[in-house]
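Engineer: Return atomic coordinates for the entry below.
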Amino acid sequence: MEAVLCYVLTGTRGGPNRVRILRAIDERPRNANQLAERLDLDYTTVRHHLDVLRDHDVIERTGDGYGTVYYPTEGTRNHWEVVEEIADASPA
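Structural biologist: Sure thing, here's the model as predicted:
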């Protein structure tokens, strides 16, 4: 899981936004629209990042359609220190 987190959060251009998304849904599960508003990102950008994070089993979802909310997987929670280390090392 550490390697996956490092890849999706630092190995691609979208890493900083994925860190922001992870922190936001760790704070409180949210849907894509709530994330877009909270993080001041385009909705389609958020959807793309959510798809990448789900494809790598970093987050999971519950519900369907507009009511779908996202939250970190147990594996991600078990390696949360990696997320924080990456976030702390990222330029502001």
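
Engineer: contacting residues around G67?
Structural biologist: Counting by C-beta atoms under 8 Å, 6 or more residues apart in numbering, G67 touches N31. In this view, the C-beta of every residue, glycine as well, is placed from N, C-alpha and C.

Engineer: which residue is nearest the middle of this structure?
Structural biologist: Residue closest to the mean C-alpha point of the chain, counted by C-alpha atoms, centre = their mean, is L22 at 3.3 Å.

Engineer: what helix or strand does that one sit in?
Structural biologist: Following DSSP states H and E, one finds L22 within helix 15-27.

Engineer: what's that helix in contact with?
Structural biologist: Applying C-beta under 8 Å, 6+ apart, the set of residues contacting helix 15-27 is 8-9, 30, 35, 38-39, 41, 45-46, 49-50, 52-53, 58-59, 70-72, 76-77, 80, 83, 86-87, 90.

Engineer: Any stretches of the chain with poor pLDDT?
Structural biologist: Flagging of the chain using pLDDT under 70 yields the residue ranges 90-92.

Engineer: For stretch 68-87, buried residues please.
Structural biologist: Using 16 or more other C-beta atoms under 10 Å as the test for burial, stretch 68-87 gives 69-73, 76, 79, 82-83, 86.
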